[in-house]
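Colleague: could you look at this predicted model? Sequence included:
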Protein chains: 2
Amino acid sequence: MTALDTTALAPDLHVLADRLRAELGEDAVVSDPAPQYAGDRAVSAEPGTPYLLALPRDVEGVQAVLRLSHDTGTPVVPRGSGSGLSGGAAPTLGAIVLGLERLTRIREIDPVDEVAVVEAGVITADLSRALAPRGFFYAPDPASAHLSSIGGNIATNAGGLHCAKYGVTRESVLGLEVVLADGTLLRTGHRSVKGVTGLDLSQLLIGSEGTLAVVVAATVRIRPLPVARRSVLARFPTIAQATVGVNAISLSPVRPAASELLDARSLEDIEENTGERVAEGDSAVLLVELDGYGIGEQTRDLTTALVASGARVTVLEDEAEAEHWWELRRSGRGSGVGQFRLGEDVAVPKSRLGSVFAALERIGAEHGVRTSAVAHAGDGNLHPSFSLPRPDDDPAEAATGPRAPIPPVIHEAADALVREALAAGGTISGEHGIGTAKRGWLDLELSPASRDLQRRLKDAFDPQHLLNPGKAL
Amino acid sequence: MTALDTTALAPDLHVLADRLRAELGEDAVVSDPAPQYAGDRAVSAEPGTPYLLALPRDVEGVQAVLRLSHDTGTPVVPRGSGSGLSGGAAPTLGAIVLGLERLTRIREIDPVDEVAVVEAGVITADLSRALAPRGFFYAPDPASAHLSSIGGNIATNAGGLHCAKYGVTRESVLGLEVVLADGTLLRTGHRSVKGVTGLDLSQLLIGSEGTLAVVVAATVRIRPLPVARRSVLARFPTIAQATVGVNAISLSPVRPAASELLDARSLEDIEENTGERVAEGDSAVLLVELDGYGIGEQTRDLTTALVASGARVTVLEDEAEAEHWWELRRSGRGSGVGQFRLGEDVAVPKSRLGSVFAALERIGAEHGVRTSAVAHAGDGNLHPSFSLPRPDDDPAEAATGPRAPIPPVIHEAADALVREALAAGGTISGEHGIGTAKRGWLDLELSPASRDLQRRLKDAFDPQHLLNPGKAL
C-alpha cells in the first residue's frame, strides 16, 4: 500500500458518532475501526487520520448516514469490501467511512427475466455461486471476485478476465438503487434489456467511484452457463510475436471468453511462486478460454489463427490441467514479498499491445527497474508491474502491505509507461479506477472541456462536495 | 404522423440565415426547407411553423451553428435522417434544425482494434455494408437501419431485432465526438472495451435525444460476422402459449440472435399486405434467428425448449425461405393505409409478456379499437398498434402520413396499455425514445427525484436550454 497524504487535523467526531448511534444502533457505528478500514489494497490513509466507521444494516441506515452528512457538512467515503486498487475507499480527514458490507441480501433471482436483484455488499463470487444451481452466472469477474462486492464493482465499473466477450460491469447492470447526497433514495433503470426513458442515470453512476451517490442495490443481468468450456495454451518465442497472435484472433471469427497474456518475467514470477517450470524456454504464454456452442469448431479456428502467428498450441483437454493453468495465471503478478512494487492498469487499442510491451521493456532498462506484465489481451488491458528489491526486508510486513515509500524511480518508470499508453491512444485506467492513486495523470487524458463538464455534473449530484471528496474527479 | 402543437409566432430568421450563410456557405442554409424536414416519421410541426435548416458539411460547420445559437439564444433541433418515431427531430418554433446528413464519412475501419470511426450522418446499414467485405458487422440494427443514421441511433440509443444477444446501441459505442451547446468540440471515451477514467460522458450522452449535445462522430465496436446463421419458425395455437415458449428459451442454454413474436392480428396484417397465407390456423408465430458456432446444437436445444412449450417447429433450412420469412416479419405492422393508427413501444420484464399481450386484447375489446402487436420477444419489447378504419379514406394521403387528428379513443387505448406495461414493471419506451410523443407519460415512470436530477444534468450541459427544447426531458 502507498500512503494517502492527509494532514493531521482532528475534528471532534464524538458528537457525530452519538447521533449516528441513535439512528443506526450501537453496533453499527465504530469510533476506533480495525486497520483494514484505513484503506484499500493499494492506498492507506496516514496512521492517525481520524474518521468514523458506519456499518448500517439496511438501506434506511445508509439514508440516515447521508442525511446526517448533508445536515452537518460531513464528508462520506463509501466503501464496498475494500478490495480496490486505486484508493477509492481510503478515508479522508474527518469523514464517515460508510461500509456497505452488511447489505448482503440477494433479494431475488429470476431466470425467466434473466435478472438478479442484489444488495451492494454481496460478494461478487457469491452471486455466481447462488446462480449456478439454476444454470446461470453473473458475467463480470474481476480477479478479486471472491473478495470484492457488487457495489464496489459498480462504483469502479470493474472489469476482469471475461470482458471482451461478456462486457464490463456496465454491460450487466440494468438498474440501480442509490442514495443521493441528501439521503433521498433513487431508483434508476429497468428490468429489461431495453428502456430509453429519460437520461440514463444508471450508466452515469456506474464507474463514478462513489462521488455522485451511494449504490445500495442493483438489478443485474444474469446469463445461462455456457454449454461447454475449453482452454487453449499458446507459447510464443517472443512477446512481440504473442501480440501478433492476439491480433490474429481479432481477425478470426472466434471470440474467446478470456485471453490472458503473460510476458517472460510474469512467467518467471510464476515459477518462483510455485516452483513449477512453466516457461519451457518460451518467452510469452497466451492462455485462452473458449466457451459456448461448437467448442470443437471454435478450438479449430482459434488454433488456426495462433499457429499462423507462430505459436506452439496445446489444447488443454484435461479439465484439471486447464484449471491448474488458470490458477497459475492468477499468481502471475508475483507475491510482492521482498520488493518495492507498483502495479498499473492501462488499456490500449489492441493493435498497440506490441508497441506498449516493447516500451515497457525499454522503460525498465532505462530506469533500472524490473518490469513485468500480464494483460487481458482481448480488451487491450495491461497490468504492468514495476519493482525493485527491498533491502533489510521483513517478509511478514511486506506481505501485509507496508507503508514504506516506494522509491521515486519506480514512480518515474510507471509514469513513462502510462504516457506511452496515452500516446498509443489508450487510457490511464482500464478497470481499477482513478481513486487517489491515478489522479495525477487525469489531466493528461481528459481535456479541459471534459473536466469542466464533469465538475458541473458533480455539482448537480453533490453540491456540497461531501461524497468521496478528493477521489476520482 | 401526429401533429406537434406550436403557436404560429414568426420570429425573423433572416438575420440568422445570413450569418449562417456567411459561416457555412450558401448551399448549407435553407430558409424554405422541403416538407420532410418538418418532422420525423411520427410527429410533424404544425404547417407554417417557422424554422431554418442548416446542413453543415463538416464538424466545424456544426460548431459554427452551435456558436451562433449560443450567442443569439436560438434553439437548435439536431436531426439525423428523420426516421425517428417519437418526434425528437420535429422543429420547434424559431429553431435552427441542424441536419447532420452531410457528415457521412466512414473515417476508419480497423478490424484489429475491432472499431470503426464514423460520422453522425452515416446511414446505419451502410456501415455494415462497408464492413462485410472485411468479415465484420455493426450489431445495432433498428428496423429502420436502411434509413436511420448512426448519430440518430446514438441520440435515441436505438434498439432493434438483435439486442438480446448483441446489446442496444449503447453497448456498441466506445467513444463520441460531440459539439457542446457553446460550440466546443468534446471527445469522450476510448478505443478499447475497457476504460474507466472519469465519469462516462459517452454513456450519459447516448439516448439523450439531442438535449445535452450534438453527436458528430463515434468510435463504435465492430464484430466478426457469425460463422453460421439459421432461422427457426415456431407456431403456437395461442399468443399466451407463445409467451410460454419465449420464457422456455430463457430457461434453456441457447440465446437467439433475434426472436420476433407476431400475434394473430399481425399475421392477418401480413396476409392482407402480401396476399400470402402465413397463419395456417395458428394464432401466434415466433420467428427465431440463431447464429454463431455449433448451429446444429443450438437448433437442437432451441427446438427442445419450443416443442416442450407446445409449438409446431419448422427449421428453415433453405436460406431463401428464411429470408422470405424475415421480409414478412418486416411487414407485420401493416401499411396503415385506410386507417387511423398509432404505434407504441413498451418494454416489460420477459415473464410479463403473456399478461401484457392479454391486457392488449382486453383493452382493444373495451375501447372498440383494433389492436395488434409484434414483439422483440428476447428483450421484452412490444410494439402494439391501435387502429380504426378511416372513413372517406384517401390512400395516397394516408401513405405519406396525414396530419388528421387520431380519434381520442385510440389514444385512450394506448394510454391504458402503457399503464399496464408500467404496472408490470416495464417502461414507456423500449427503443423509440420520448421525443414529444411520449412526454405525457414521463412522470408515470420517473420519480420526482429522478426528474429533478435530470433537469440539473440538463442545466450542466445546456444552461440556456437551447438544445432540442421541449423534447425528451
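Modeller: That came through fine. Numbering: from 1, shown residues only, chains lettered A, B, ... in the order given.
Colleague: hang on, A:Ser355 packs against A:Ala423?
Modeller: No - in terms of Cβ atoms under 8 Å, A:Ser355 does not count as a neighbour of A:Ala423; the distance is 9.4 Å. C-beta coordinates here come from the backbone N, C-alpha and C atoms, glycine included.
Colleague: and for the residue found closest to A:Pro91 once you drop the neighbours it is linked to in the chain, the neighbour number?
Modeller: Taking Cβ to Cβ, 6 or more residues apart in numbering or on different chains, and ignoring the residues beside it in sequence, A:Pro91 has A:Tyr51 as its nearest neighbour in space, at 4.0 Å. Number of residues near A:Tyr51 (other Cβ atoms under 10 Å in any protein chain shown) recorded here: 23.
Colleague: how much space separates A:Tyr51 from chain B?
Modeller: Distance of A:Tyr51 to chain B, computed by Cβ to the nearest Cβ, to the nearest Å: 25 Å.
Colleague: helix/strand/coil for the closest residue to A:Ala437 other than its chain neighbours?
Modeller: The shortest distance from A:Ala437 to any non-neighbouring residue, by Cβ to Cβ, 6+ apart, is to A:Ser86 (4.4 Å). Counting by DSSP: H, G, I helix; E, B strand; the rest coil, the backbone at A:Ser86 sits in coil.
Colleague: do I have it right that A:Ser86 meets A:Glu431?
Modeller: No - taking contacts as Cβ under 8 Å, A:Ser86 lies outside contact range of A:Glu431: 9.9 Å.
Colleague: between those two, what contacts are shared?
Modeller: A:Thr156 (Cβ atoms under 8 Å, 6 or more residues apart in numbering or on different chains).
Colleague: quickly list the domain ranges of chain A.
Modeller: A:106-224, A:229-330, A:339-432 (automatic domain parsing).
Colleague: JSON lines for these, including mean pLDDT and distance to B:Ile406?
Modeller: Output for the domains of chain A, formatted as JSON lines (pLDDT from 0 to 100; distance: least, Cβ to Cβ, whole Å):
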{"stretch": "domain A:106-224", "mean pLDDT": "97", "distance to B:Ile406": "22"}
{"stretch": "domain A:229-330", "mean pLDDT": "96", "distance to B:Ile406": "46"}
{"stretch": "domain A:339-432", "mean pLDDT": "90", "distance to B:Ile406": "48"}
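Colleague: what's the most buried one of those domains?
Modeller: domain A:106-224 (a mean of 23; mean count of other Cβ atoms under 10 Å in any protein chain shown).
Colleague: need the distance between the two termini of that one.
Modeller: This stretch, domain A:106-224, spans 18 Å end to end (Cα to Cα, to the nearest Å).
Colleague: could you do stretch A:204-217 as well?
Modeller: With Cα to Cα, one end of stretch A:204-217 sits 16 Å from the other.
Colleague: thinking again about what came up before, what's the closest of the domains of chain A to chain B?
Modeller: With Cβ to the nearest Cβ as the criterion, chain B lies closest to domain A:229-330 of the domains of chain A, at 2.7 Å.
Colleague: quick check, that closest one touching chain B?
Modeller: Yes - remark: domain A:229-330 sits within contact range of chain B at A:247, A:250-255, A:292-295, A:297-298, A:301, by Cβ under 8 Å from any Cβ of the partner chain.
Colleague: quick check: closest non-adjacent residue to A:Leu306.
Modeller: Nearest to A:Leu306 is A:Ala234, by Cβ to Cβ, 6+ apart, at 4.6 Å.
Colleague: likewise A:Thr124?
Modeller: A:Thr124's closest residue in space is A:Ala145 (Cβ to Cβ, 6+ apart), at 4.3 Å.
Colleague: mind telling me what element A:Gly310 is part of?
Modeller: Assigned by DSSP states H and E, A:Gly310 belongs to neither a helix nor a strand.
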